[in-house]
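A.B. asks: based on what follows, work out the 3D shape:
(chains A, B and C)
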Amino acid sequence: MPYLPYTEQEKQRIFREIGVSSLDDLIQSIPSSLRHPQILMSHGLSEIEVQRQVLKLGSRNTATTDFLSFLGAGSYEHFIPSAVQEMVARQEFTTAYTPYQPEASQGTLQVIFEYQSLMAELTGLAASNASHYDGATSLAEAALVALRQTDRTKILVARSLHPHYCDVIRTYLAQSSYQVEEFGFLAHGGLDLESLQKKLTPDVAGVILQTPNFFGGVEDLNGVSDRVHANGSLLIVSGHPLSFALYRSPGEWGADIAAGEGQPLGMPLGFGGPYLGYFVASQSLLRRIPGRIAGLTEDADGKRAFCLTLQAREQHIRRERAGSNICSNQALCALAACVYMTFLGKQGMREVAELNVDRAHYLRERVAKIKGFKVDLERPIFNEFVIHCSRPVAEICKKMMAARIFPGVRLGDYYPEFKDCLLVCATETKTGEDLDRFLEVLSQC
Amino acid sequence: MEVKMNFPENLRYTKTHEWISLTGHKARVGVTEYAQKEISDVVFVELAKKGHPVEQGKAASVVESVKAAFDIYAPVSGTITDANGALEANPGLVNQDPYNDGWLFELEVSDPLSVDALMTSAQYAAFVQSGSAH
Amino acid sequence: MLISNDDRLSFEKSRLGRRSVTLPKGRLSEPLIASQVSRQSELAFPEMSELDTVRHFINLSRKNFSVDTHFYPLGSCTMKYNPKVNDWVARQEKFTSLHPLQPLETAQGMLRVLWELEDALKEITGMDRFTLQPAAGAHGELTGIMLVRAYHASRGDLSRKKVIVPDSSHGTNPATAALVGYRVVEVASDARGRVDLNNLKKVLDDQVACLMLTNPNTLGVFEEDIIEIARLVHKEGGLLYYDGANLNPLLGIARPGDMGFDIVHVNLHKTFSTPHGGGGPGAGPVGVKKHLIPFLPEPLVEKTKDHYAWVQHSEKSIGRMKSFHGNVGVLLRAYAYLKVIGKEGLMRVSEGAILNANYLREKLKDVFQLAVNEPCLHEFVLTLKKAAEKGIHAGDVGKRLLDFGFHAPTVHFPLVVAEALMIEPTETESRETLDLFVEAMKRIAFEIENEPDKVKNAPFTLPVRRPNDVLAARRPILTYRDLCRAKNTTEIAA
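C.D. replies: Residues are numbered from 1 along each chain as shown, chains lettered A, B, ... in the order given. This next block holds a predicted model:
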């Protein structure tokens, strides 16, 4: 029997030793009417058979290693150094439990502490937690923090925030009397700050926006935090974490909370998960940060030691308002991010960011020259931009796919204003030849 | 269970383990020795907000231990006038000296008679002993 | 020495100009980063050579206990062996290199895996449909309670404000309920940790939205009256929610769906062998009976003939609980596990779990005191009340076990038992390991009587001993910057 240690004889011997004749003696407490249900499931397979089956199923997938992929929209193809993959595969990390016994988990705890330090540095804010499930849930948590901190009832969300993040925030807040309201974007996808200003009413607890936004555009947030703070609200900024190595970080923009998707920091596409929700806040919000946090302290012998801390909020039940949150983190993903950021280091982070900007710019400049397609060359971008097609995007995609290219995400699926538009992403994984191939096929569409 | 705990006679007590000391219309509030023991080492106090009106029985402050956070309720209705800033640097005062240096907040009491309706030291001691205190 | 003494952070090992990774040097264009949006401060990240970085992390990994190195009898955590073929499946490029938004025709193999996994979970639990979106048990629980609320709201039944949990239940339940706007009412359990029917009848009324139960309970005891409990709850119009943390001993033996549960969440990182990862990622799929299907999160996988697709299945859906599709890498591992153990394997797993737990219970019942004096299912609880009289607590025993090379069991939980030690060996442990554990426990019992300081001040053989968590909470140092600041004011030593 796979994974079970005993032979039939050994098993019977143990039954006898504990004075029992069979399993039935030990499950008397389970009503007989419930016992031994009919379960329709396949029979067990050997490892070699399972591997064969999985490979066969895999052959029905076309991966981004089969086609040339320009898909982004919240899930990014980035280079993961081999050393990172080796570290993350260490069983002492993967098969460990949550570090509730700190003496037995200094490895996990120090990694979390270093992850927190790196995220604080990257986002320019004071204190990070050990991560949430993904960018969407991290933002939902940020919204709840803003609501509790300000004691207000409304959250303003930019329409240029990733649609899934918006959906999840709505789901979380739908259970309460809190409200979510959107403010719009201008024709090119950048924030409509007038629309935001109009909606900054005294009941607004927090404003959530994303830069680079869902359309790839980097926002100029000069003056925004002042306006938001003047209204007594919190500013919550989300964004592709690698972009903060080159572009202004949330902390530098005056944000109170940086929350978003950490997948680009060493996690594969993986069809959507497991990912990593980063959550970093200003010093004044320290005691409100949800989730797990590792802290540095000393042990009984005066040595440096790490332990989980600021846990009280998890067990705090306030009767009048929405309670505290219980959230496990994604420790192994935080490990991947920590290892990734450490291996890249100061110079590597900057260089990867530069490569992303470089590839995306090269592509955008040349798409602008192809008849039948329009791009906005003015907007600062990180690794994504929008292509407006003069013909139905379905046709374009069909032709690109026939040439073994994933051309990008169809924006019309999410925003009616962007019908027949593609959101195209070019990361450091694309070579000049890859980009030229995209241009070649596109020009034939 | 025989527990020798101190419940000063000049104070009044609530079932949620706050003490209150009244002078005219002004009162000072903290948690009892029983409470600080139950809470164990205090690591942080979310101080009551000056100027805030409070209702009897509603949370005015929060005391955190390593394991949990505890609402501290206003024993009577009124308006918060002060909170113990010394607890920011030294939250452990709540454990060391719950009735003096470890006080939590002060308030302007709406109805001083409402304080008389609270438990006396003897009544509170009996309440704690009875085991229905949790 | 084998375990490194070096407790420096990567930041402290950093040297100016050093680097690990090589990246392409060429640039294809000359983009300008406008100064009004460029990053202003330097990125103060560590700078180390690749070897130094590798040593840093490998040495950190060696400071961990893990299932692959130590016996980990944590109650209600099901720390069973994490099969390596699961990892093999999860790292196949045909799955790791799939983009969540790529055209569905190009991901049919992936969608079929999700469909088959859902099928298997339905069969195992006796439920009608599953959402695979929730990223953890707690997330699944939140989803489940949102489903409860949506269900009652759809029937115009807005007066239900209470959720009932047994006092022996896990602490996360009340927090989840509160987040969704419910008030938690505890129902007192009997001496065996089971729901007391009389107490239950006292709190059950038409204001109750649901009763949350884990079965068997946290003492490893099955709720024998579960069918009656379900009947009582349903009679009042409430729903019955199953916390799947303790599903392991029921595999192939009994199903929560058959017991009358309306909603179920399972923990793939417990029952279904996916690794704990030091605290995630896990997955907490939620299963429901027919009447709750319309409320499940969007989207669901649908199969038509041989084709699989995502479908926005219902207007009444509570919406999205997470971006994209859930923790697919974890789902793949659970899929592989079920493929290997198969239908016959289910009962062998539960049988093994129950056997090992009872073996350990028999061997320990005269060493310490059992909380419940009867056969258990997959876990049992010891009470160290007597040791407490000598000033030794359950937590101390847990720490001393680390010196013997065993991870501590769950300590001080469930709260209904004083000085509790909750022990769950799982089915993948051999009796030799269990015997060694028993020897260690006997030795500790001896030490409690004769050398109590050894237990009180343990552990002695690990990199650190009793980190000061009070200090950690009073003076939070959460980042390297905090540490630098603290050092300048000489608040801590080194």
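A.B. asks: go through the chain and flag its longest helix.
C.D. replies: Using chain A here. helix A:331-367 (DSSP state H).
A.B. asks: you looked at the wrong chain, it should be chain C
C.D. replies: helix C:328-364.
A.B. asks: return the distance of the residue in chain B that chain C sits nearest to relative to A:P102.
C.D. replies: Nearest residue of chain B to chain C (C-beta to the nearest C-beta) works out as B:V43 at 3.5 Å. All C-beta spots, glycine's among them, are computed from the backbone N, C-alpha and C. B:V43 sits 16 Å away from A:P102, going by C-beta to C-beta, to the nearest Å.
A.B. asks: go on, A:L209?
C.D. replies: 38 Å.
A.B. asks: and for C:S14?
C.D. replies: Distance from C:S14 to A:P102, by C-beta to C-beta: 25 Å.
A.B. asks: for A:W253, same thing?
C.D. replies: From A:W253 to A:P102 the distance is 36 Å (C-beta to C-beta).
A.B. asks: circling back to that earlier point, for the residue of chain B closest to chain C, which non-adjacent residue is spatially closest?
C.D. replies: The shortest distance from B:V43 to any non-neighbouring residue, by C-beta to C-beta, 6 or more residues apart in numbering or on different chains, is to C:A473 (3.5 Å).
A.B. asks: give me the number of neighbouring residues for that neighbour.
C.D. replies: 26 (other C-beta atoms under 10 Å in any protein chain shown).
A.B. asks: show me what contacts the closest residue to A:T98 other than its chain neighbours?
C.D. replies: Spatial nearest neighbour of A:T98, excluding adjacent residues (C-beta to C-beta, 6+ apart): C:G279 at 3.9 Å. With contact taken as C-beta atoms under 8 Å, 6 or more residues apart in numbering or on different chains, C:G279 is in contact with A:97-99, A:108, A:130, A:292, A:328-331.
A.B. asks: could I get those residues as TSV with pLDDT and secondary structure?
C.D. replies: Putting the contacts of C:G279 into TSV (pLDDT from 0 to 100; DSSP: H, G, I helix; E, B strand; the rest coil) gives the following:
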residue	pLDDT	secondary structure
A:Y97	95	coil
A:T98	93	coil
A:P99	94	coil
A:T108	97	helix
A:A130	95	coil
A:R292	91	coil
A:S328	74	coil
A:N329	83	coil
A:Q330	92	coil
A:A331	95	helix
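A.B. asks: which of the residues you listed tops the neighbour count?
C.D. replies: Busiest of the contacts of C:G279 [other C-beta under 10 Å] is A:T108, holding 33 neighbours.
A.B. asks: that one contacts A:F93, doesn't it?
C.D. replies: Yes: counting by C-beta atoms under 8 Å, A:F93 is a contact partner of A:T108 at 6.8 Å.
A.B. asks: so where's the stretch 151-300 of chain A uncertain?
C.D. replies: Within the stretch 151-300 of chain A, no stretch has pLDDT under 70.
A.B. asks: would you mind listing what in the stretch 101-250 of chain C touches chain B?
C.D. replies: Proximity of the stretch 101-250 of chain C to chain B, by C-beta under 8 Å from any C-beta of the partner chain, involves no residues.
A.B. asks: follow-up on the earlier one: check which element follows the longest helix of chain C along the chain.
C.D. replies: The C-terminal neighbour of helix C:328-364 among helices and strands, as given by DSSP states H and E, is strand C:369-370.
A.B. asks: now the helix or strand just after that next one: how far from the chain's centre is it?
C.D. replies: Using DSSP H and E, the helix or strand that follows strand C:369-370 in sequence is strand C:380-383. Averaged C-alpha coordinates place strand C:380-383 at 20 Å from its chain's average position (C-alpha atoms, centre = their mean, to the nearest Å).
A.B. asks: and the next helix or strand after strand C:380-383, what does it pack against?
C.D. replies: Going down the chain from strand C:380-383, the next helix or strand is helix C:385-389, by DSSP H and E. Counting contacts by 3 or more C-beta pairs under 8 Å, 6 or more residues apart in numbering or on different chains; DSSP states H and E, helix C:385-389 packs against helix C:394-403.
A.B. asks: give the rounded mean pLDDT of the helix it packs on.
C.D. replies: Helix C:394-403 shows an average pLDDT of 97 in the prediction.
A.B. asks: now A:T65. Nearest residue, chain neighbours left out?
C.D. replies: Closest to A:T65 by C-beta to C-beta, 6+ apart is C:S97, at 4.7 Å.
A.B. asks: that neighbour and A:P268 touch, don't they?
C.D. replies: Yes: under the criterion of C-beta under 8 Å, C:S97 makes contact with A:P268 at 6.6 Å.
A.B. asks: distance to C:K289 for the contacts of C:G279 - can I get that in CSV?
C.D. replies: Below are the contacts of C:G279 laid out as CSV (distance: C-beta to C-beta, whole Å):
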residue, distance to C:K289
A:Y97, 32
A:T98, 32
A:P99, 37
A:T108, 38
A:A130, 36
A:R292, 34
A:S328, 27
A:N329, 31
A:Q330, 30
A:A331, 33
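A.B. asks: let me know the closest of those to chain B.
C.D. replies: A:R292 (13.9 Å).
A.B. asks: what packs against the helix or strand C:L111 falls within?
C.D. replies: In this assignment (DSSP H and E), C:L111 forms part of helix C:108-125. Where contact means 3+ C-beta pairs under 8 Å, 6+ apart, helix C:108-125 is packed against helix A:47-58, helix C:93-96, strand C:129-131, strand C:286-288, strand C:300-304, strand C:307-311, helix C:328-364.
A.B. asks: rounded mean pLDDT for the longest helix seen in chain B, please.
C.D. replies: The single longest helix within chain B, with elements called by DSSP H, is helix B:121-129. Averaged across helix B:121-129, the pLDDT comes to 92.
A.B. asks: nearest to chain B: which residue in the stretch 101-250 of chain A?
C.D. replies: Closest point on the stretch 101-250 of chain A to chain B, by C-beta to the nearest C-beta, is A:D151, at 9.9 Å.
A.B. asks: looking at chain C, which helix or strand is least sure?
C.D. replies: Here the helix or strand of chain C ranked lowest by mean pLDDT, DSSP states H and E is helix C:172-179, holding a mean of 72.
A.B. asks: next, the angle helix C:172-179 makes with the next helix or strand after that one.
C.D. replies: Where DSSP H and E defines the elements, the next helix or strand beyond helix C:172-179 is strand C:183-187. Orientation check (axes from the mean of the first three to the mean of the last three C-alpha atoms, to 10 degrees): strand C:183-187 against helix C:172-179 gives 150 degrees.
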